[in-house]
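Participant: Compute the structure for the input listed below.
(2 chains)
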Amino acid sequence: MAVGAGGIQDKPWTDPKAQPFVRIQGVTKYFDDVAAVNGVDLNICRGEFFALLGASGCGKTTLLRMLAGFETPSAGKIFIDGVDMADIPPYRRPVNMMFQSYALFPHMTVGQNVAFGLQQEDVAKPEIAERVAEMLELVQIGELARRKPDQLSGGQRQRVALARALIKRPKLVLLDEPLGALDRKLREHTQFELVNIQEKLGMTFVIVTHDQEEAMTMASRVCVMNAGMVEQVGTPSEVYEYPNSRFVADFIGTANLFDGVVTSSTASETRVHSADLDGEIVVGGGGTAAVGATVSVMVRPEKIQVVPDGSPAPSFNTACGQVREIAYLGDMSVYHVELPSGKRIQLSRTNLLHTADTQISWDHTVRFEWHPANGILLVI
Amino acid sequence: MNGRLPWFAISVLVLGYLFLYSPIVSLIFYSFNESRLVTVWAGFSTKWYGALMHNDALLSGAWLSLQIAFLTASVAVVLGTLAAFALIRFGNFRGRTLFAGMVTAPLVMPEVITGLSLLLLFVAMEGVLGWPERGMMTIVIAHATFATAYVTVVVQSRLGQIDMSLEEAAMDLGARPFKVVRVITLPLIWPAMLAGWLLAFTLSFDDLVIATFTSGPGAKTLPMEVFSSVRMGVSPQINALATIFIVVVTSMVVIANQVAFRRRA
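Facilitator: Numbering: from 1, shown residues only, chains lettered A, B, ... in the order given. Below is the predicted model of the structure:
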């Protein structure tokens, strides 16, 4: 394995010889006749911060609950650290979970909540006290040990739940929307803290979230799920820059999608004709689409440039349109441009200067272009 | 709204309290009456309390009623809690609606029908099996049938409020299912179980109709004793007995409230 500070830099999933720590093979879960999880195959490596990302009802929580042992797969197998989990009940799995509702025991103090896991396995009393104090320090709530959960703020409760899930030093920690109940500022702060704790303890984290920003910030790899199936697994930049389907392109960030037909395909570039644009679309890199195939070309808003007035018009990847909406976000502005065909695209520009607001305004006609390397070919 | 209660609200409040409590106040008042006529005041005396201490029929009735109420409440709490678990924690099992309906049916069943049907059952069973002999045991069985329904409703509503993920979290942290019930579920529902127990105790203690139907020779509960003695003329001893019970029950309720309040704070 390569030298690195933590698992994230090593990219262990690229090593073909590495044994995956969690192996999910063909797992399907039916509730009545509906498949909540449908034929999922996943390998998660030791030390990873792995995010299951998807809209509500996509099966991500069901998959997490199957890892914890609260649901039994209708078909398929789950291995954790090489052991088949089929007959192992939740209380004997090397797994601890942090619940979305936190599920703190209301009749116990913070200290008793955190100590609960250790009390179940005959750890000596002085050691329990020591480890609880240590863990509460790690999540920075050492002074709250004697409080009851209903005397805590949302952020403090979240820390207690995290401490309780980590105290047994499990091999695998499952987090179900761990930051969902926090306000935005606290959430951003806690994201980094969570990653630091995970790297410090060297555990494997699997997190469920519907918030793509959260997944991108924290995860070493993201698994995008839709309707019970895995759409794409990759690093945050892979799924953002190189989505493999229209669904992923649209779900992660904002995507401009141009539908068209492939007119030529060589080893270095693919050309697509789309009714929405003036000229052809050129996509760099070796194409996999056959001539005549119907495809979508995806371009991210920040990768589209406005061509300054007076410059010569480019011959491809370009069009003219009228600015219809401007969303000023402070650090950047998003422009909705309506093309002659009626299609609307989004492009964004960083507001580098205070005075940048004078350049583009409503109903201005702008010409834009993008580099062939920034288009992604999606086969429909 | 500006700190003064309008006269209408005050008078409704006073009339409401009078309606609810004046009978009880007058009952307590006349328990200290010198006269043996319940409604004629003849000076202060505690002699009826003394006489009560020597009234063996009333005292043995009270003792029997306490035993029956205690047993009834204990049986009903066990059965009612189990029924509540079945209704809340076992999903939508086959026959759940029927089960829920049958568990709670005694709440609306006329007492006369419950009493009569149980009497017929006990008589038939005694004829065929030689068991049960009618007496205290049959009253406990009869009371437990309807008290269980009340306990089920009380415990069920509390159990339904408990987040299932609490139990999952305990199991996830290594507690076996039986231990989860013992250290998580029961501590969270015991106030409801206690409330159910007290409710069942009270219902059993003051029941007259069902006890009359299902009792046998020699087993006379306190309400039965009071009812039959009242038919021969009300004695101020009954007032004295009622006063004692009011004092005991009131202090029990106050103490229970104190305990519950201190736990929450």
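
Participant: Tell me where the model's unsure across chain A.
Facilitator: A:1-10, A:286-287, A:355-358 (pLDDT under 70).

Participant: Outline the domain layout of it.
Facilitator: Per the record, chain A has its domains at A:12-94+A:170-247, A:255-379, by automatic domain parsing.

Participant: Comparing those domains, which comes out most buried?
Facilitator: Each of the domains of chain A was scored by mean neighbour count; the highest is domain A:12-94+A:170-247, a mean of 18, by mean count of other Cβ atoms under 10 Å in any protein chain shown. C-beta: built from backbone N, CA, C; applies to glycine.

Participant: Run through the residues that contact residue B:143.
Facilitator: Residues in contact with residue B:143 (Cβ atoms under 8 Å, 6 or more residues apart in numbering or on different chains) are B:68, B:69, B:72, B:76, B:200, B:203, B:204, B:207, B:210, B:211.

Participant: With residue B:166 instead?
Facilitator: By Cβ under 8 Å, 6+ apart, the contact list for residue B:166 reads A:103, A:105, A:106, B:184, B:188.

Participant: Quick check: closest non-adjacent residue to the second one.
Facilitator: Closest residue to residue A:105 in three dimensions, ignoring its sequence neighbours and counting by Cβ to Cβ, 6 or more residues apart in numbering or on different chains: residue A:113, at 5.5 Å.

Participant: In a strand, the one you found, correct?
Facilitator: No. Looking at residue A:113 with DSSP: H, G, I helix; E, B strand; the rest coil, it is helix, so not inside a strand.

Participant: Which residues does stretch B:231-244 contact?
Facilitator: B:27-28, B:30-31, B:33, B:35-36, B:38, B:48-49, B:51-52, B:55, B:58, B:62, B:226, B:229-230.

Participant: Would you reformat the contacts of residue B:166 as a markdown table and include distance to residue A:373 and secondary structure?
Facilitator: Output for the contacts of residue B:166, formatted as a markdown table (distance: Cβ to Cβ, whole Å; DSSP: H, G, I helix; E, B strand; the rest coil):
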| residue | distance to residue A:373 | secondary structure |
| --- | --- | --- |
| A:103 | 48 | coil |
| A:105 | 54 | coil |
| A:106 | 56 | coil |
| B:184 | 57 | helix |
| B:188 | 59 | helix |
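
Participant: Tell me the one of those residues nearest residue A:316?
Facilitator: Comparing the contacts of residue B:166 against residue A:316 with Cβ to Cβ places residue A:103 closest, at 56.1 Å.

Participant: And for the closest one, the neighbour number?
Facilitator: 24 (other Cβ atoms under 10 Å in any protein chain shown).

Participant: From residue A:116, how far off is it?
Facilitator: Distance, residue A:103 to residue A:116, by Cβ to Cβ, to the nearest Å: 11 Å.

Participant: Now the residue positioned nearest the centre of chain A. Its backbone dihedrals?
Facilitator: Chain A has residue A:215 as the residue nearest its centroid, 3.2 Å off, counting by Cα atoms, centre = their mean. Backbone torsions of residue A:215, given as degrees, to the nearest 10, read phi -60, psi -40.

Participant: Name all residues that make contact with it.
Facilitator: Counting by Cβ under 8 Å, 6+ apart, residue A:215 makes contact with A:51, A:53, A:207, A:209, A:222, A:236.

Participant: how about the contacts of residue B:166 in JSON lines, adding distance to residue B:238?
Facilitator: Below are these laid out as JSON lines (distance: Cβ to Cβ, whole Å):
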{"residue": "A:103", "distance to residue B:238": "54"}
{"residue": "A:105", "distance to residue B:238": "50"}
{"residue": "A:106", "distance to residue B:238": "46"}
{"residue": "B:184", "distance to residue B:238": "48"}
{"residue": "B:188", "distance to residue B:238": "42"}
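
Participant: now the helices for the chain?
Facilitator: No chain was given, so I picked chain A. Using DSSP state H, the helices of chain A run over A:7-10, A:60-68, A:110-119, A:125-138, A:154-166, A:184-201, A:212-218, A:236-241, A:246-251.

Participant: Hmm, no, I was thinking of chain B.
Facilitator: Counting by DSSP H, the helices of chain B are B:7-31, B:47-53, B:56-89, B:96-104, B:111-129, B:136-161, B:164-172, B:177-180, B:186-205, B:209-214, B:222-231, B:236-264.

Participant: Ok, which of these comes nearest residue A:32?
Facilitator: Among the helices of chain B, helix B:96-104 comes nearest to residue A:32, with 15.8 Å by Cβ to Cβ.

Participant: How about the closest one, which residues are buried there?
Facilitator: When burial is assessed from 16 or more other Cβ atoms under 10 Å in any protein chain shown, helix B:96-104 yields the following buried residues: B:103, B:104.

Participant: and what of stretch B:58-68?
Facilitator: Neighbour count says stretch B:58-68 has B:58, B:60, B:61, B:62, B:64, B:65, B:68 buried, by 16+ other Cβ under 10 Å.

Participant: Please apply the same query to stretch B:165-178.
Facilitator: Across stretch B:165-178, burial judged by 16+ other Cβ under 10 Å covers B:165, B:166, B:167, B:168, B:169, B:170, B:171, B:172, B:173, B:174, B:175.

Participant: same thing with stretch B:42-62?
Facilitator: Within stretch B:42-62, the residues that count as buried by 16+ other Cβ under 10 Å are B:48, B:49, B:52, B:55, B:58, B:60, B:61, B:62.

Participant: Residues of the stretch 101-250 of chain B that sit close to chain A?
Facilitator: Listed as neighbours of chain A in the stretch 101-250 of chain B under the rule Cβ under 8 Å from any Cβ of the partner chain: B:163, B:165-166, B:168-177, B:179, B:184, B:187-188.

Participant: I'd say residue B:68 and residue B:137 touch.
Facilitator: No. The criterion here is Cβ atoms under 8 Å, and residue B:68 misses it with residue B:137 at 9.3 Å.

Participant: Now for the two: what residues contact both?
Facilitator: By Cβ under 8 Å, 6+ apart, no residue touches both residue B:68 and residue B:137.

Participant: Distance of the spatially most central residue of chain B relative to residue B:242?
Facilitator: The centroid of chain B falls nearest to residue B:202 when counting by Cα atoms, centre = their mean (2.0 Å). Noted for residue B:202: a distance of 14 Å to residue B:242, by Cβ to Cβ.
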